[in-house]
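structural data only, the sequence is not supplied:
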């Protein structure tokens, strides 16, 4: 699986079957950073349910993104792209830069 995820990330033109993407994203045996990179490159193929499942399989603080909490995640280019996608998909409301990282604000449930 590690070879498949590495190949998929490094070859943007290569798109495996949706089931393969889903299995890679939901695999807790792979590094979260690689799974986030994969998500960032293939998110357009995913529905909200798969995205929510993916977030729930990530370690804290990422797994708190879909809850009514305000987690702070490390500031990186990949994490900014990840949060931009989640904001566009209305999974989070917004995020801001702080000294400790990127503070994430949940969408209002109502």
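Sure, I can see it. No experiment lies behind these values; they were computed from the predicted model shown.

who are the contact partners of residue 75?
Neighbour list for residue 75: 97, 101, 102 [criterion: Cβ atoms under 8 Å, 6 or more residues apart in numbering]. Backbone N, C-alpha and C define where each C-beta goes, glycine included.

how about those in CSV, adding secondary structure and pLDDT?
As requested, those are arranged in CSV below (DSSP: H, G, I helix; E, B strand; the rest coil; pLDDT from 0 to 100):
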residue, secondary structure, pLDDT
97, strand, 96
101, strand, 97
102, strand, 98
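
the bottom helix or strand of this protein by mean pLDDT?
When each helix and strand of the chain is scored by mean pLDDT, DSSP states H and E, helix 2-10 comes last, with a mean of 85.

immediately after it, which helix or strand?
The element immediately downstream of helix 2-10 (helix or strand, assigned by DSSP states H and E) is helix 18-25.

check which helix or strand the residue sitting nearest the centre point of the chain maps to.
With distances taken as Cα atoms, centre = their mean, the chain has residue 36 as the residue nearest its mean C-alpha position (4.6 Å). Here residue 36, judged by DSSP H and E, is contained in helix 32-42.

and the angle from that helix to helix 2-10?
Inter-element angle recorded for helix 32-42 and helix 2-10: 50 degrees (by axes from the mean of the first three to the mean of the last three Cα atoms, to 10 degrees).

mind giving me the packing neighbours of helix 32-42?
Judged by 3 or more Cβ pairs under 8 Å, 6 or more residues apart in numbering; DSSP states H and E, the packing partners of helix 32-42 are helix 2-10, helix 18-25, helix 48-57, helix 77-88.

would you turn those into a markdown table with mean neighbour count and distance to residue 70?
Formatted as a markdown table, the helices and strands packed on helix 32-42 follow (neighbours: other Cβ atoms under 10 Å; distance: least, Cβ to Cβ, whole Å):
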| stretch | mean neighbour count | distance to residue 70 |
| --- | --- | --- |
| helix 2-10 | 14 | 29 |
| helix 18-25 | 17 | 24 |
| helix 48-57 | 15 | 15 |
| helix 77-88 | 16 | 13 |
